[in-house]
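[1] Kindly generate the corresponding structure for this input.
(4 chains)
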Protein chains: 2
Amino acid sequence: MSASTRPERDPQDTVSRILDAAEVLFAEHGFEGTAMRALTARAGVNLAAVNYHFGSKEGLFQRIFQRRLAELNRQRVQALDEAEARSAGGVLKASELMDCFFGPALDMAADTEHGGHTFMRLLGRTYTEPAEFIRKFMAEEYAEVMDRYIAALYRALPEVPREEIVWRLHFMMGAVSYAISGIDALALISTRVNDDPALLKPRLTSFLLGGLRAPLPPEAGFA
Amino acid sequence: MSASTRPERDPQDTVSRILDAAEVLFAEHGFEGTAMRALTARAGVNLAAVNYHFGSKEGLFQRIFQRRLAELNRQRVQALDEAEARSAGGVLKASELMDCFFGPALDMAADTEHGGHTFMRLLGRTYTEPAEFIRKFMAEEYAEVMDRYIAALYRALPEVPREEIVWRLHFMMGAVSYAISGIDALALISTRVNDDPALLKPRLTSFLLGGLRAPLPPEAGFA
DNA sequence: CTATTATTCAAACGTTCGTTTCTGTTTCTC
DNA sequence: GAGAAACAGAAACGAACGTTTGAATAATAG
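    The predicted structure is shown next:
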């Protein structure tokens, strides 16, 4: 059994096995709550493999976000590019912009076969546990796409002050993030509800559009 | 220096000093990310004090939620009771219900002097890191208030299916939670924005109402 | 005052953590 | 096929973790 045995493991396999296992465990137990030994055991690799391939646990965490978040925001920018090209200089409607921005995120969240859903849950978690070492990275990754969408939304809704748009985009991202983290939090507020993921997107879209186009709040601060 | 020295420490002080310090650190670094030694050092108490007074780290975590969450949901039920009494059997408007439900949360989040703001940040985190031992407790704590508000919202908006109301309440809680966690996540999406906490409440309320009253999504699922 | 209880404290417990080291094995290069 | 580079694997590293212990001190009751 020397010349006939095939190599038992794909050479590039170890890295992606670690990434997949880590995505699941980080999403489930958080960064601090995930032990290297549990992680490597799930991936079926040696304990030292993470440090060898990613340098450290933090390096692994960062790499997970790189491969997913870059792709997500690339899709968002591309969707906006295409929509703007289609409109030929005209102003895009807010509903179109919403589809371009949240569509890729919701599609990724609906993908349960390639880990997209898992990553979106992890992303939702990470917004609320802003580890210092990931904050700067996230800000860079989001800078371009945010600037472009805020500008486009302002053109679509000139009657809404720019600052209000920033706030409402913030609110919307919160709603989406929770909607994706989904069943867990939903079970908190009511037992047994139809959680068909195919229905989430239209539900969420109409809710978000309603919020985005809501009447402006009464101006406070006159005293 | 024997008879003249006063007792140096308030007897009940240790417990609340621990609770306050833990609230801050759990909100900042999460449950797993907070070390007992860092916690007791911040509180200025002995390392063993947490286990003595709360049994365990988990016991302390649970106690934090008991003292705040019970009060929060008590205010919500009371606000609903009073509104229903005022209306004398009439149907409450959705905007009134929103004020009753989210008002106490936003007020608590605006209280930076007694730790209310810190706790609401911790609460937002905890929704997304559903530790098994806290999930059941949260569900119990929320059961009554959720049932009552969902029923009241359905009376206010009979044209919106009950299931849609549950979803939209879910979306709204997500938006509120992110809005409260606030500046941190907001800095991600745009630099320099007016973050006056007094303006948050009206901003958020109009956004939420817009979403709650939005046109229903196109019915999917005929295929 | 004495006896009892409640609390504080320093020290140590055993365990688990992320990381490193070093040896063995495979894979590529010439 | 020899040498170099890349990778896998077992074992150990020191540090930090949550918790426990037992003695010292403060408060309380009879």
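[2] Need the mean per-residue confidence for the biggest helix by length in chain A.
    Secondary structure of chain A per DSSP state H: the longest helix is helix A:57-87. Averaging pLDDT along helix A:57-87 yields 96.
[3] How many neighbouring residues does A:Arg63 have?
    With neighbours defined by other CB atoms under 10 Å in any protein chain shown, the count for A:Arg63 comes to 17. Placement of C-beta: from N, CA and C, glycine included.
[4] What distance do you get for it to A:Val145?
    20 Å (CB to CB, to the nearest Å).
[5] Quick check: chain neighbours aside, which residue is closest to A:Phe119?
    A:Arg68 (4.6 Å; CB to CB, 6 or more residues apart in numbering or on different chains).
[6] B:Arg125 versus the one you found, what's the distance?
    A:Arg68 is 21 Å from B:Arg125, by CB to CB.
[7] Neighbour count: these two, which is higher?
    A count of neighbours by other CB under 10 Å puts B:Arg125 above the other of A:Arg68 and B:Arg125, at 23 against 20.
[8] quick one, what contacts the residue nearest to A:Phe119?
    Counting by CB atoms under 8 Å, 6 or more residues apart in numbering or on different chains, A:Arg68 touches A:108, A:116, A:119, A:123.
[9] Quick one: residues contacting the second one.
    What that stands for is A:Gly116. A:68, A:107-110.
[10] What about those residues, which are in helices?
    Using DSSP H, these in helices are A:68, A:107-110.
[11] which among these gets closest to B:Leu47?
    Set against B:Leu47, the nearest of these by CB to CB is A:Arg68 (40.1 Å).
[12] immediately after the helix or strand of chain A with the lowest mean pLDDT, which helix or strand?
    Least confident helix or strand of chain A, by mean pLDDT, DSSP states H and E, is helix A:183-189 with a mean of 61. Once the chain leaves helix A:183-189, the next helix or strand it forms, by DSSP states H and E, is helix A:197-212.
[13] Report the central residue of chain A.
    The structure's chain A has its C-alpha centroid closest to A:Met120; by CA atoms, centre = their mean the separation is 4.4 Å.
[14] circling back: hmm, the longest helix of chain A touching DNA strand C?
    Yes - applying CB under 7 Å from any atom of the strand, one finds helix A:57-87 in contact with DNA strand C at A:57-58.
[15] quick one: stretch A:45-64 near DNA strand D?
    Yes - for stretch A:45-64, a contact with DNA strand D is found by CB under 7 Å from any atom of the strand, at A:45-49, A:52-53.
[16] With only the CA atoms kept, save that stretch in CSV.
    Provided in CSV are the C-alpha atoms of stretch A:45-64 (Å, rounded to 0.1, in the frame of the first residue of the first chain):
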residue,chain,number,x,y,z
VAL,A,45,-7.6,19.4,11.9
ASN,A,46,-4.7,19.6,14.3
LEU,A,47,-4.8,22.1,17.1
ALA,A,48,-1.7,23.9,15.8
ALA,A,49,-3.2,24.4,12.3
VAL,A,50,-5.0,27.6,13.1
ASN,A,51,-1.9,29.3,14.3
TYR,A,52,0.1,27.9,11.4
HIS,A,53,-2.4,29.1,8.7
PHE,A,54,-3.8,32.3,10.3
GLY,A,55,-1.2,33.3,12.8
SER,A,56,-3.7,33.6,15.7
LYS,A,57,-7.3,33.3,16.7
GLU,A,58,-7.8,37.0,15.8
GLY,A,59,-6.2,36.4,12.4
LEU,A,60,-8.7,33.7,11.7
PHE,A,61,-11.6,35.9,12.8
GLN,A,62,-10.5,38.6,10.6
ARG,A,63,-10.1,36.3,7.6
ILE,A,64,-13.6,35.1,8.0
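[17] Quick one: residues in contact with that stretch.
    A:14-15, A:17-19, A:22-23, A:26, A:31, A:36-37, A:39-40, A:43, A:119, A:122, A:133-134, A:137.
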